[in-house]
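Engineer: model the following, please.
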Amino acid sequence: MSERREGSQGRRIQIWEEEAVSLEGDMTREEKIELTDRVLRRMRQESQCERNRIGKGNTGWRKLWRGAAAVLIVALLIPVGAYAYGRIRQYFQVSVKKEGYQVEMPIATSNEQADKVSVLENVEPVRLELGELRGYQKHKLERGDGRKYGYGYWLCRGEDFEGLVECDMIRVDQEVEKDLMIKNVAESQEIKIGKHHALYARCNDVVNSKYTVSGNIEQELYVFYDDLGYILRYYNDRDGWENGKSQRENLLDFAEKVRLETCSRDRADGSIKLSDFIKWREEEGNLSDGKMPPSGKQVYSGSEIVEWDGVEYKVLDVNVTDSVEHLMKTDGRCFCNKKKLLKCVDQNHKLITYKRETVEKGDGKNKPYEKVKETKDVQLKFVEVTLRMKNVSGNPKRQEMMQSIAFLKGDQRYEFAYDNNLYFSRPDKVLEALYGDVYTNEGYEMIYFKERAKESSYFPGNILLEDQEAGIYHIGFLADEDQIDQMYLKLPWGSAQELDKYIDIRQ
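Structural biologist: Residues are numbered from 1 along each chain as shown. Sure, this is the predicted structure:
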């Protein structure tokens, strides 16, 4: 390491070891200019640190700057073979290759740096400057599930997250053993953002589906700051933007306007190490692939009385029909989502037959995550369940009607029959009728409740039962014709929060 001491206080300016590496070849004029800029920036940082230590007196500052200038002159007078811009400026190199639906980005550091474990841990502190993105703010976002891997940022306007884009500051570290990769890629393109190499990638929706073709599913932009040791990853999966531009245009616009600048450590933004980023992405992938441990289930036959959170449930009857004409004549006390039902019936109020896509799963490399395997005509059915409920809690009880139907494999494990209902693609009008306002992972919401109290003001309503009082209620759902032999009534969560409870209503 080169250093210069001046004065009794032993002030010094340092040239880092990774900057003083010997390589073959001569420096061009442009490389010398770049080197000058680099050394000047380092001088300013070292001088500022020393200035903070000894105080802000002008005399000490001028002496220190003269010493720094002398070091610069020495640095530039060293024979050209002792320096090379490529190794001084570049912390890592990246290449891009695509195989099937996967894009791989191998990250490689130079041979000279490979033996210096501390080099990439001591990359210069940097700060994300939003530049021309007026009105935008940075909101720190912790990465990892229960463990602090590092930080990313939400870039947005105001508290309502207008124009939301996620940005991860990824610091290339020495511990990386796996290459950075993106799976399930539909389109990728190598581009330039300013002087920096970048990769744009758009992931697949359900391939060959005519129902899930938003075109804006997961899009990512990676910008490689190999001279600083960082990668910026911009991400967004929104379907629309208020400015009328496409998602790709907005990501590129963000990347063009944002700057990554060196700064003092106390002003630096948080980042996530590349090795931790890869681990975090793998964890996310495992969750999205349905590898979460299954929740516990307790399954009862349709003839049993099931006690759950102070209420006894008994299924009295299950009726399956093609028509919902009788629902159109219900009075105001009944809950019936006629608006959604009318989208799924013909002029005689018979439920429609629609084309349902069966989706097969892939690994994201050789096959996309989801691809249409076959399409078939399927008849919708209305399922009406007659349910007896009795309050055995010992106190008056107001009970919400929050039942749903789920589809289980009728074996001892009772796994979900359709991969958490991601197994099919359907028209939007059918999805809305089956799932209600909020899609669930396990089953379909009630679309009908005959005995709702008139004073109940919210869906799906509730009932008041005195202690030991019982009532008979009629609730309804929609299902596909080939699902009625796998139906189970799921009871609402109670205060006990025990195993999920299901009653067999298969037909």
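Engineer: what's the first helix or strand after the longest strand anywhere in the chain?
Structural biologist: In the chain, with assignment by DSSP state E, the single longest strand is strand 370-391. As assigned by DSSP states H and E, the chain's next helix or strand after strand 370-391 is strand 397-400.
Engineer: ok, residues contacting stretch 344-359?
Structural biologist: By Cβ atoms under 8 Å, 6 or more residues apart in numbering, the surrounding residues in contact with stretch 344-359 are 206, 209-211, 322-325, 327-328, 370-382, 422-427, 429-430, 433, 478, 480. From N, CA and C alone the C-beta is placed, and that goes for glycine too.
Engineer: just to revisit the earlier point, flag every buried residue along the longest strand of the chain.
Structural biologist: By neighbour count on 16 or more other Cβ atoms under 10 Å, the buried set for strand 370-391 is 370-372, 378, 380-385, 387, 389-391.
Engineer: what is the mean pLDDT for stretch 399-408?
Structural biologist: Averaging pLDDT along stretch 399-408 gives 84.
Engineer: re the thing from before, the buried residues of strand 370-391: which two are farthest apart?
Structural biologist: Based on Cβ to Cβ, the longest span within the buried residues of strand 370-391 runs between Lys371 and Asn391 and measures 49.4 Å.
Engineer: now do the helices in the stretch 251-400 of the chain.
Structural biologist: 274-288, 338-342 (DSSP state H, counting those that start in this stretch).
Engineer: mind listing what's buried in the last one?
Structural biologist: If you call a residue buried by 16+ other Cβ under 10 Å, then helix 338-342 has these buried ones: 340-341.
Engineer: show me what it is packed up against.
Structural biologist: Using 3 or more Cβ pairs under 8 Å, 6 or more residues apart in numbering; DSSP states H and E, the elements in contact with helix 338-342 are helix 428-435.
Engineer: and the angle from the helix it packs on to strand 370-391?
Structural biologist: Inter-element angle recorded for helix 428-435 and strand 370-391: 30 degrees (by axes from the mean of the first three to the mean of the last three Cα atoms, to 10 degrees).
Engineer: flag every buried residue along helix 428-435.
Structural biologist: 430-435.
Engineer: isn't Pro125 right next to Arg265, touching?
Structural biologist: Yes - using Cβ atoms under 8 Å, Pro125 is in contact with Arg265, at 4.6 Å.
Engineer: counting neighbours, go ahead and name the busier of the two.
Structural biologist: Neighbours per residue, other Cβ atoms under 10 Å: of Pro125 and Arg265, the larger number sits with Pro125, 17 against 9.
Engineer: what's the burial count for the nearest residue to that one once chain neighbours are set aside?
Structural biologist: Leaving aside its sequence neighbours, Pro125 sits nearest to Ala268 (Cβ to Cβ, 6 or more residues apart in numbering; 3.5 Å). For Ala268, the count of nearby residues is 15 (other Cβ under 10 Å).
Engineer: okay, Asp500 and Val223: tell me how far apart.
Structural biologist: 45 Å (Cβ to Cβ, to the nearest Å).
Engineer: ok, what's across the strand from Glu220?
Structural biologist: Counting by DSSP bridges, Glu220 is bridged to Ala201, Tyr235.
Engineer: same thing with the one 10 residues further on?
Structural biologist: Using DSSP bridges, the beta-bridge partners of Tyr230 come out as Arg171, Tyr225.
Engineer: from memory it sits against Cys167, does it?
Structural biologist: No - counting by Cβ under 8 Å, Tyr230 does not reach Cys167; the two are 11.3 Å apart.
Engineer: if we can go back for a sec, among the helices of the stretch 251-400 of the chain, which is the most enclosed?
Structural biologist: helix 274-288 (a mean of 17; mean count of other Cβ atoms under 10 Å).
Engineer: what about the longest strand of the chain, average pLDDT?
Structural biologist: For strand 370-391, the per-residue pLDDT averages 94.
Engineer: same for it, what does it pack against?
Structural biologist: strand 311-321, strand 353-361, strand 397-400, strand 462-465, strand 470-480, strand 487-490.
Engineer: repeat the analysis, applying 7 Å as the threshold.
Structural biologist: strand 311-321, strand 353-361, strand 470-480 (3 or more Cβ pairs under 7 Å, 6 or more residues apart in numbering; DSSP states H and E).
Engineer: got the buried residues for the shortest one?
Structural biologist: Translated: strand 353-361. 354, 356-357, 359, 361.
Engineer: ok, back up a step: so for Asp500 and Val223, which residue has more residues nearby?
Structural biologist: Neighbours were counted for Asp500 and for Val223 using other Cβ under 10 Å; Val223 has more, 24 against 16.
Engineer: how much space between that one and Lys138?
Structural biologist: From Val223 to Lys138 the distance is 17 Å (Cβ to Cβ).
Engineer: give me the domain ranges for this structure.
Structural biologist: Following the assignment in automatic domain parsing, the chain carries domains at 2-88, 93-288, 297-504.
Engineer: which ones are touching Asp226?
Structural biologist: 90-94 (Cβ atoms under 7 Å, 6 or more residues apart in numbering).
Engineer: go with 8 Å
Structural biologist: With Cβ under 8 Å, 6+ apart, Asp226 has these contacts: 90-94, 196-197.
Engineer: closest to Lys490 out of the residues you listed?
Structural biologist: Val94 (48.6 Å).
Engineer: wait, isn't that closest one in contact with Ile170?
Structural biologist: No - shown here, Val94 and Ile170 do not form a contact pair, counting by Cβ under 8 Å, at 11.4 Å.
Engineer: common neighbours of those two, please.
Structural biologist: Ile231.
Engineer: which of these two has more neighbours?
Structural biologist: Legend: neighbour count by other Cβ under 10 Å for Val94 and Ile170, higher for Ile170 (25 against 17).
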